[in-house]
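In: Mind folding the following:
(chains A and B)
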2 protein chains.
Amino acid sequence: MTGQKPIPVMEIFGPTIQGEGMVIGRKTMFVRTGGCDYRCRWCDSAFTWDGTGKSKPMVAEDIISKLDTLAAGRFDHVTLSGGNPALHAGIGDLIHKLHAKNIQAAVETQGTIWQDWLTHVDDVTISPKPPSSGMETDWKKLDTFMTKLSPQKTSLKVVIFNEEDYAFAKLVHMRYPHISFFLQVGNDDIHTTDDTTLLTQLRYHYEQLIEKVMLDSTLTNVRVLPQLHTWMWGNKRGV
Amino acid sequence: MTGQKPIPVMEIFGPTIQGEGMVIGRKTMFVRTGGCDYRCRWCDSAFTWDGTGKSKPMVAEDIISKLDTLAAGRFDHVTLSGGNPALHAGIGDLIHKLHAKNIQAAVETQGTIWQDWLTHVDDVTISPKPPSSGMETDWKKLDTFMTKLSPQKTSLKVVIFNEEDYAFAKLVHMRYPHISFFLQVGNDDIHTTDDTTLLTQLRYHYEQLIEKVMLDSTLTNVRVLPQLHTWMWGNKRGV
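Out: Predicted coordinates for the structure are as follows:
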């Protein structure tokens, strides 16, 4: 496998539904990569970067072989998530090999590190992190992403925990008004195993967010969504 | 308003989120028309055709004026639902006038009655009714819809209550594999006001449907979704 760049993989699972964003409900497999250039306060996958999880270096064939072991013939869509998958050059080869098998690829990334393979991704979700994350957005970098990506295949998604996040979401949408825009309710209880209480809280926050957006004249061409997987399975991993 | 064809309108409300289908989460206004050529057993809007509701004849300007009264400047998307909105020729004029104001239009219809204005709709959901409805699909008519509509703006949605419905959904997807396909959990308790029990049931049915689809090799490029508005507000009307 000379020349292939291994990808640090944290977990591979599915098929399941994509629980959020532009292809919410889509039957998909998940490949979660390790490593992130961000350290979001409320990250629900901190094990990808805080040292509590262990990744395995895998090349495209290894990953495809694992996907087939799990669900050969039962999937045609793979979601690459992280961490920040855009850290890994090797994903270009993976996408190429998935496409050769008529399998689509989706990626979610915060829009900080550009990779040319992003232009081959079928569903790109760029998720700039709001103030509550503790991270700061480099708008110039984000501009580059928005210039290079095809609007038909791209969406922006902002997670909302508080007023500042909501104001940030508006800035993002106003800067790129022609890109599909998603507001998503943040999960501020990422460690609880009490799924019933969590659902009650998340529904409440979702309703609050809906009410706010409905009254807002600067947010019209937008979609407001929950994380369906969390409503269904709480904070459980691998579903 | 010489020459304008009035539309029988049952209710106009919003802005709220679209709770289901291809633009789930989208901020939208709803215009619900009266009358239907179907009598689905489990119809959640039977008041549009069973004589329990009363419609008001309105031309496009009346409807737009009512929408503006509710939310002028806070919306750019209107969902036309029913009943079967495709019964009404006057909707063509409404869509034309909405577009002139940079407002998009979505329509849901079962695919039984063609109207040329359907080609101008931004988001078309065709929802053939499965066996549990008691209705029978005219496949030739459905073929006409699929030939005339642009695949980029069209989706198919089938509601699932039982095994026969699931088998029917597969037939629909296999007949039109290149059209975005949505499976939706049916609500078999459309009169309850016990929202908590309803949510528990709907989540259970959603999980069952997800499990079934995940194991199915004939359903890969599909999306499985709940009705978010029912999860949020139960059977309440006008939300």
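
In: Compute the distance between A:Leu228 and B:Ile103, please.
Out: Counting by Cβ to Cβ, to the nearest Å, the gap from A:Leu228 to B:Ile103 is 28 Å. In short, each C-beta sits where N, CA and C put it, glycine included.

In: So which bits of chain A are right by chain B?
Out: A:14-17, A:23-27, A:71, A:73-77, A:182, A:203, A:206-207, A:210, A:213-217, A:219-226, A:228, A:231-232 (Cβ under 8 Å from any Cβ of the partner chain).

In: could you flag which of those are buried?
Out: By neighbour count, with 16 or more other Cβ atoms under 10 Å in any protein chain shown, the residues of chain A next to chain B hold A:14-17, A:23-27, A:71, A:74-77, A:182, A:203, A:206, A:210, A:213-214, A:219-226, A:228, A:231-232 as buried.

In: which regions of chain A sit below the pLDDT cut-off?
Out: Applying pLDDT under 70 to chain A flags residues A:1-3.

In: Only the buried residues of the top helix by length along it, if you could.
Out: In chain A, with assignment by DSSP state H, the single longest helix is helix A:195-214. By neighbour count with 16+ other Cβ under 10 Å, helix A:195-214 contains the buried residues A:Leu198, A:Leu199, A:Gln201, A:Leu202, A:Arg203, A:His205, A:Tyr206, A:Leu209, A:Ile210, A:Val213, A:Met214.

In: The most centrally placed residue in chain A: what's it in contact with?
Out: Nearest to the mean C-alpha position of chain A, counting by Cα atoms, centre = their mean, stands A:Glu108 at 3.5 Å. The contact partners of A:Glu108, taken as Cβ atoms under 8 Å, 6 or more residues apart in numbering or on different chains, are A:Gly21, A:Thr79, A:Leu80, A:Ser81, A:Gly82, A:Pro85, A:Thr125, A:Ser127, A:Lys157.

In: at 7 Å instead, please
Out: A:Ser81, A:Thr125, A:Ser127 (Cβ atoms under 7 Å, 6 or more residues apart in numbering or on different chains).

In: The second one is in what secondary structure piece?
Out: What that stands for is A:Thr125. For A:Thr125, the host element (DSSP states H and E) is strand A:123-126.

In: How many residues are close by A:Pro131?
Out: Per other Cβ atoms under 10 Å in any protein chain shown, the neighbour tally for A:Pro131 reads 15.

In: typed the wrong thing, it's A:Arg175
Out: A:Arg175, neighbours per other Cβ under 10 Å, totals 14.

In: Need the phi and psi values for the nearest residue to it once chain neighbours are set aside.
Out: Once flanking residues are discounted, A:Arg175 sits nearest to A:Trp139: 7.3 Å by Cβ to Cβ, 6 or more residues apart in numbering or on different chains. Main-chain torsions, A:Trp139, degrees, to the nearest 10: phi -60, psi -30.

In: Neighbours of A:Gly90, how many?
Out: 21.

In: residues touching it, list them.
Out: Going by Cβ under 7 Å, 6+ apart, the list of residues near A:Gly90 reads A:Gln4, A:Lys5, A:Pro6, A:Ile7, A:Val59.

In: Identify the bridge partners of the residue nearest to the centre of chain A.
Out: Counting by DSSP bridges, A:Glu108 is bridged to A:Thr125.

In: Helix or strand next in line after the longest strand seen in chain A, which one?
Out: Criterion DSSP state E: the longest strand present in chain A is strand A:7-17. Sequence-wise, the next helix or strand downstream of strand A:7-17 (DSSP H and E) is strand A:27-33.

In: What lies in contact with whatever helix or strand comes next after that next one?
Out: The helix or strand immediately downstream of strand A:27-33 is strand A:56-58, counting by DSSP H and E. With Cβ under 7 Å, 6+ apart as the contact definition, strand A:56-58 has outside contacts at A:Pro6, A:Ile7, A:Pro8, A:Val9.

In: export those residues to a markdown table and tack on neighbour count and distance to A:Phe47?
Out: Below are the contacts of strand A:56-58 laid out as a markdown table (neighbours: other Cβ atoms under 10 Å in any protein chain shown; distance: Cβ to Cβ, whole Å):
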| residue | neighbour count | distance to A:Phe47 |
| --- | --- | --- |
| A:Pro6 | 16 | 20 |
| A:Ile7 | 26 | 17 |
| A:Pro8 | 18 | 13 |
| A:Val9 | 19 | 13 |
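
In: Kindly indicate which of those residues lies nearest chain B.
Out: Within the contacts of strand A:56-58, the smallest distance to chain B is 21.0 Å, found for A:Val9 (Cβ to the nearest Cβ).

In: Pull the number of nearby residues for the closest residue to the closest one other than its chain neighbours.
Out: Leaving aside its chain neighbours, A:Val9 sits nearest to A:Met58 (4.8 Å; criterion: Cβ to Cβ, 6+ apart). Other residues near A:Met58 number 21, with proximity taken as other Cβ under 10 Å.
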